[in-house]
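Q: quick one, what's the 3D model for this:
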Amino acid sequence: MNKTPSDDERSIYGDVLQAILSYVPLVHLLLASGVSKSWTAAVSSALRISTTTTPWLIVNTQSSRYPYPTTTNAYDPESNMWIEIRQPAIDYVSILQSSQSNLLYMLSPTKLSLSFDPLHLTWHHAAAPKVTRRDPVVAVVGRHVVVAGGAYNFEDDPLAVEVYDLQSQQWNKSDPMPEFFNGSASSLWLSVASGDSEIFIMEKSSGVTHSFNPDSNTWSGPYDLRPDYRVFNSVIGFSDDRLIVVGMLGDVEDVDGVKVWEVDCESLEYDEIGEMPANLLENLKSHDLQFSSMDVSMAGKIAYIYISSRAEEVIMCEFIDGGGCRWCSVANTAANYRSVMDKLVFTCSKVGIEVLQRAARSENRRFVVKR
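A: Numbering: from 1, shown residues only. Below is the predicted model:
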């Protein structure tokens with residue numbers, strides 16, 4: 001007897017189809033969800049019973065040559081795959097930069113462009129802040145975009161802070177950064193973590209931190225976020241709603257450890273989560289005789305640790321429920337196909353099937369799995 005198409009569909013229908021799809025990488029589920037209504041339902045069911053989506057590492061490579069094209073690659077840790085995101089060119093405003101974990105921005109003397117959705121499908125454009133800046137701290141808190149420090153030498157106040165309201169599309173001047181940051185009010189020397197209602201800005205070398213609430217226009221601190229006296233350089237970020245410190249121990253010429261702590265934002269008490277395994281630390285150290293700082297992109301329960309200037313290798317730290325860390329090394333394939341003059345810019349965001357579907361529907365984007 002000849003089978004009808006409905007018979008073929010029923011042969012992998014229901015729980016069987018759902019079980020199969022639960023093992024399929026997220027980027028392939030994007031195609032599977034469009035096969036039929038039953039497959040769409042099976043994909044939705046598979047996603048509901050699967051574990052929480054692991055944050056993707058997004059690597060943007062901006063060319064140093066006009067018209068400064070940008071290529072985008074993403075690492076999906078659940079499938080251990082790199083994915084090229086082919087999409088329309090990002091309209092060049094100035095050098096592409098990142099801040100906190102999911103914010104991309106470009107700042108020129110006349111324009112600020114920024115994007116903070118997971119795959120940076122949407123860009124917001126505004127007139128530049130009144131103070132001309134080169135390398136400020138930039139962070140998004142709710143409906144506010146905070147731009148602090150980084151002013152050119154000819155400006156009167158190197159600690160100036162301006163806040164842009166995404167709803168009213170207006171700039172407002174705020175109280176300046178605390179005097180402690182005078183001399184280090186630059187994104188080169190500072191690490192920023194953005195919470196629900198405030199941002200934390202830490203001087204990397206000392207661990208001294210202040211927080212700023214754009215709703216009340218108030219600064220708080222200082223706080224000492226150096227959990228160990230041996231830490232000579234550190235960065236901060238938020239893992240869901242937990243403030244995390246990643247610190248380098250020793251000195252520039254002899255880094256003897258990298259540790260991770262959780263900080264209670266109320267009591268400022270520290271809880272050590274884990275330490276980078278010695279072999280992974282040696283991998284980072286092997287590329288140079290010395291390295292003085294590192295960067296981190298963080299979302300969900302994942303922190304990606306790397307050295308921006310030579311990010312051929314990224315160290316992934318997964319925070320385990322109940323305590324501890326799981327570590328692994330990720331070869332950054334995006335770094336293999338770039339000129340030494342090209343700029344690598346990292347972000348990290350949770351990516352679900354809805355985000356991929358929206359991306360596929362917008363402006364002819366394609367996802368190509370790298371082998």
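
Q: how about the strands in the stretch 51-200 of the chain?
A: 56-62, 70-76, 81-86, 97-99, 103-107, 111-115, 124-127, 137-141, 144-148, 161-165, 170-174, 190-194, 199-203 (DSSP state E, counting those that start in this stretch).

Q: and the helices in the chain?
A: 5-11, 15-21, 26-32, 37-49, 278-286, 353-361 (DSSP state H).

Q: tally of neighbours for the closest residue to residue 67 other than its chain neighbours?
A: Nearest residue to residue 67, sequence neighbours excluded (CB to CB, 6 or more residues apart in numbering): residue 92, at 6.0 Å. C-beta coordinates here come from the backbone N, C-alpha and C atoms, glycine included. Neighbour count for residue 92, taken as other CB atoms under 10 Å: 17.

Q: correct me, but residue 92 touches residue 63?
A: No - between residue 92 and residue 63 there is no contact under CB atoms under 8 Å: 9.9 Å.

Q: now the closest residue to residue 234 other than its chain neighbours: how far from residue 238?
A: With sequence-adjacent residues excluded and distances taken as CB to CB, 6+ apart, residue 234 is closest to residue 247, at 3.9 Å. Distance, residue 247 to residue 238, by CB to CB, to the nearest Å: 16 Å.

Q: neighbour count: these two, which is higher?
A: More crowded of residue 247 and residue 238, by other CB under 10 Å: residue 247, with 23 against 19.

Q: and the strands in the stretch 201-350 of the chain?
A: Along the stretch 201-350 of the chain, counting by DSSP E, counting those that start in this stretch, strands occupy 208-213, 218-224, 231-239, 242-251, 254-263, 270-275, 295-299, 302-306, 313-319, 325-331, 343-349.

Q: okay, these in CSV with mean pLDDT next?
A: As requested, the strands of the stretch 201-350 of the chain are exported to CSV (pLDDT from 0 to 100):
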stretch, mean pLDDT
strand 208-213, 96
strand 218-224, 94
strand 231-239, 94
strand 242-251, 94
strand 254-263, 93
strand 270-275, 93
strand 295-299, 93
strand 302-306, 93
strand 313-319, 93
strand 325-331, 93
strand 343-349, 92
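
Q: can you pull out the low-pLDDT segments for the protein?
A: For the chain, the stretches with pLDDT under 70 are 1-52, 287-290, 337-338, 371.

Q: re the thing from before, can you redo the strands of the stretch 51-200 of the chain as TSV with mean neighbour count and distance to residue 350?
A: Below are the strands of the stretch 51-200 of the chain laid out as TSV (neighbours: other CB atoms under 10 Å; distance: least, CB to CB, whole Å):
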stretch	mean neighbour count	distance to residue 350
strand 56-62	24	8
strand 70-76	21	11
strand 81-86	18	15
strand 97-99	21	16
strand 103-107	22	15
strand 111-115	20	16
strand 124-127	14	20
strand 137-141	24	16
strand 144-148	25	21
strand 161-165	20	25
strand 170-174	15	30
strand 190-194	25	15
strand 199-203	24	20
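
Q: nearest to residue 344, of those strands?
A: Residue 344 lies closest, by CB to CB, to one member of the strands of the stretch 51-200 of the chain: strand 56-62, at 5.8 Å.

Q: just checking, what packs against the closest one?
A: Counting contacts by 3 or more CB pairs under 8 Å, 6 or more residues apart in numbering; DSSP states H and E, strand 56-62 packs against strand 70-76, strand 343-349.

Q: between the last one and strand 111-115, how many degrees?
A: Following axes from the mean of the first three to the mean of the last three CA atoms, to 10 degrees, one obtains 50 degrees for the angle between strand 343-349 and strand 111-115.

Q: and strand 343-349, how far out from the chain middle?
A: 6 Å (CA atoms, centre = their mean, to the nearest Å).

Q: who touches that strand?
A: Residues from elsewhere that reach strand 343-349 (CB atoms under 8 Å, 6 or more residues apart in numbering): 55-62, 64, 95-98, 101-104, 117-120, 295, 297-299, 302, 304, 306, 308, 311, 334-335, 338.

Q: returning to what we had before: got CSV for the strands of the stretch 51-200 of the chain, with distance to residue 225 too?
A: Listed next are the strands of the stretch 51-200 of the chain as CSV, based on distance: least, CB to CB, whole Å:
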stretch, distance to residue 225
strand 56-62, 24
strand 70-76, 28
strand 81-86, 33
strand 97-99, 18
strand 103-107, 21
strand 111-115, 26
strand 124-127, 30
strand 137-141, 16
strand 144-148, 18
strand 161-165, 20
strand 170-174, 22
strand 190-194, 9
strand 199-203, 6
